[in-house]
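This is the structure alone, sequence omitted:
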C-alpha cells in the first residue's frame, strides 16, 4: 500500500468543476483529504449526491476522505438591481434601504438583506461591499434608510456581501436556515460542521446542541471571520473541535494589513489548546483561471504550513476553476516543500503542565521518547481519534498512524497534521495482542519494515473512548512479528 506521507492536509471545495466525470477520482488520487460542501449553494439532493460520489471515490482508492458541511451563516448582502448592476463613482450619494419591500436597486439606492442594519451603524462608519472592492461612508440614518457616500469607483451587482469595517453587527451566528441545514447535515452523515460568522463560545455551544439533538457526531469547525471572534478567540477555540482562519470576510472586517499577524495568532491559539486548524481563502486564487500558481501564492501556502496549520483549503480553485486537479497537485507540491523547512524540535518548556487527562500525558511522553530514541512511527490505537489529535499537536518527525475501527473517527483524523488513519478492528483482543496485530497489519501494508522501532499507545479497555493509558516500545521482527522493548 502506497501512503502519501505529506503531513499537511488538503481540503477541496466541491462544485460544478468537480461534478465532471472522473474529476472527483482524480482529486482523491491527487491527495485531497477532506472535501467541503458549501451549504450556501445547492439543494439537499445535490449535497447527498456529492457525498455519495465522494464515499465511492474514496473506497475505490482505499483512502479516508472526510466531508465538511459549511453553513452559510448570517451573511449580509445587498439585494438585486433592476439592471443587474450599476456603476458608482467616488462622491456619489447612495442609500441602503432596510425594508422587506425595498424597490429594485439603481444608481441611488439598493435594499439590504439585514433589516437591523439601521440600528447597528453610526455616522462615520465605513461599509465594505463585494469583499472590500466597494467602500461607502455612512453619512446619516433616516428611519429605515442608511445614507452613504461612495468612496471608490466601480461596479456593484446583485447580492454582494456587506461588512462593517471593525465589525460590530449584531446578528447571531445561526440563522433559521442554518438550523434546518444542521438537521440535513446530520442526516447526510457529514464528518465536520462549519459554523460561519461565530462571535462567541455561545454560538458554538448552540450549534453543538442542535447537531447532537439531530443525531450528528460531526466535529465542529469555528470559522473566524468576524472582528468580535478575534476578541473572543480563546473561548471560541475551546468550545470548538477545529478552527478555520476564514480570511475573506475577516480581512474585510479588520483590514488586510492586520490579517497576516492575526492568521499566525489564530494558528498559534488553536495549537496551544489542542485544536485542529485550517487556513482558507484565496490560497491559490490565480489557479481559478491559470494552470500554475503565482510565487506569492506559493509563499502564502508555505508560510501557513511552516506556522503549523493542520490543513490548507481550496475554494473556487476546485469548485468552479478551470484546473481543479492541477490546483490540488500544486498544493501538494508546496506543502511537501514547506514541510522540509519545518522545524520539528518540540519545545517541551512550552508544553502544558499539570495535565489532567491520561491520554494527554501519554501523548506528551510518546513525543518525548520519539524525539530522543528515534522511532520509525507512533501508532495510536483509538476509538474516537482523540489520542491521535493530542499526539499531532507536538509535531514529531515520526508519522502517527491512527488505528480505529470507526469510519467516522478515521475520517476526522484525515484532517489532523502528521496523522495517517488506518482501519484496524481491535475488538475482542487483549491490549498486547491488539498492539502486535496492528504492527503486523502495517508491516503487510509495507508501512513498517523489519527492524523498525515503534511506539504504540492504547488503553486497557479497547472499545471505550478516552481510556488511553499505556505506552509501549516495540520492534518489528521478521515477518512483522513485534518484540517488546518496554512499557510505560
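Ah, there it is. Fair warning: this is a prediction, and the values are worked out from it, not measured in the lab.

is it true that residue 86 lies in a strand?
Yes: counting by DSSP: H, G, I helix; E, B strand; the rest coil, one finds residue 86 located in a strand.

Let me know whether it touches residue 109 as I believe.
No: the pair residue 86 / residue 109 is not scored as a contact, 9.9 Å apart, by Cβ atoms under 8 Å. Just so you know, the C-beta spots here come from the backbone N, C-alpha and C atoms, and that holds for glycine as well.

Can you classify the residue most central in space within the chain as helix, strand or coil?
Geometric centre of the chain, nearest residue: residue 278, 3.9 Å, by Cα atoms, centre = their mean. Using three-state DSSP, the structure places residue 278 in strand.

Who are the contact partners of it?
11, 221, 242-245, 309-313, 415 (Cβ atoms under 8 Å, 6 or more residues apart in numbering).

Look up which residues are beta-bridged to it.
Applying DSSP bridges to residue 278 gives these bridge partners: residue 244, residue 311.

if you skip the residues just before and after it, what's nearest to residue 117?
Nearest residue to residue 117 in three dimensions, chain neighbours excluded: residue 98, at 5.2 Å (Cβ to Cβ, 6 or more residues apart in numbering).

Repeat that for residue 219.
Here the residue nearest residue 219, using Cβ to Cβ, 6+ apart, is residue 241, at 3.8 Å.

Contact partners for the one you found?
192, 219-221, 275-276.

redo that, cut-off 10 Å
Going by Cβ atoms under 10 Å, 6 or more residues apart in numbering, residue 241 touches 192-193, 204, 208, 218-222, 274-276, 389, 412, 415.

repeat for residue 369
375, 378, 396, 398, 453, 455, 471, 473, 486, 488.

any idea which element the second one lies in?
Right, the one you point to is residue 378. In this assignment (DSSP states H and E), residue 378 forms part of strand 377-381.

Please name every helix or strand in contact with that strand.
helix 358-373, helix 386-392, strand 400-404, strand 419-423, helix 431-444, strand 453-459, strand 468-476 (3 or more Cβ pairs under 10 Å, 6 or more residues apart in numbering; DSSP states H and E).

Among the ones you listed, which comes closest to residue 292?
With Cβ to Cβ as the measure, strand 419-423 is the member of the helices and strands packed on strand 377-381 nearest residue 292 (28.5 Å).

Mind listing the strands the closest one pairs with, and their directions?
Here, using DSSP bridges, strand 419-423 pairs with strand 400-404 (parallel).

Quick one: distance of the next helix or strand after the partner strand to the chain centre.
Sequence-wise, the next helix or strand downstream of strand 400-404 (DSSP H and E) is helix 407-413. In terms of Cα atoms, centre = their mean, to the nearest Å, the centre of helix 407-413 is found 14 Å from the chain centre.

Same check on stretch 367-379?
28 Å.

Which positions within that stretch qualify as buried?
367, 369-371, 375-379 (16 or more other Cβ atoms under 10 Å).

Pick out the most distant pair among these.
Between all members of the buried residues of stretch 367-379, the farthest pair (by Cβ to Cβ) comes out as 371 and 379, at 16.6 Å.

quick one: low-confidence ranges for the stretch 51-200 of the chain?
Within the stretch 51-200 of the chain, no stretch has pLDDT under 70.

give me that answer again for 90
Low-confidence segments of the stretch 51-200 of the chain (pLDDT under 90): 75, 131-132, 168-172.

ok, which stretches of it are strands?
For the stretch 51-200 of the chain, the strands defined by DSSP state E, counting those that start in this stretch cover 66-70, 85-88, 93-97, 109-111, 126-129, 134-142, 145-150, 154-157, 162-164, 192-195.

so what's the closest residue to residue 425 other than its chain neighbours scoring on pLDDT?
Nearest residue to residue 425, sequence neighbours excluded (Cβ to Cβ, 6+ apart): residue 405, at 4.1 Å. As predicted, residue 405 sits at a pLDDT of 94.

Ok, residue 255 next?
89.

How about residue 341?
pLDDT, read off for residue 341, is 82.

who's in contact with it?
302, 305-306.

Now render the residues you listed as TSV, adding distance to residue 22, secondary structure and pLDDT.
Listed next are these as TSV, based on distance: Cβ to Cβ, whole Å; DSSP: H, G, I helix; E, B strand; the rest coil; pLDDT from 0 to 100:
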residue	distance to residue 22	secondary structure	pLDDT
302	30	helix	97
305	29	helix	96
306	34	helix	94
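
Out of the residues you listed, which end up buried?
302, 305.

from the contacts of residue 341, which is closest to residue 71?
Closest to residue 71, out of all of the contacts of residue 341 and judged by Cβ to Cβ, is residue 305, at 26.9 Å.

so how far is residue 334 from that closest one?
When distance is defined by Cβ to Cβ, to the nearest Å, residue 305 is 8 Å away from residue 334.

any common contacting residues for the two?
By Cβ under 10 Å, 6+ apart, the residues touching both residue 305 and residue 334 are 8, 312.

got the contact list for residue 88?
Applying Cβ under 10 Å, 6+ apart, the residues near residue 88 are 94, 107-108, 129, 134, 136, 150-156.

Done for today, thanks.
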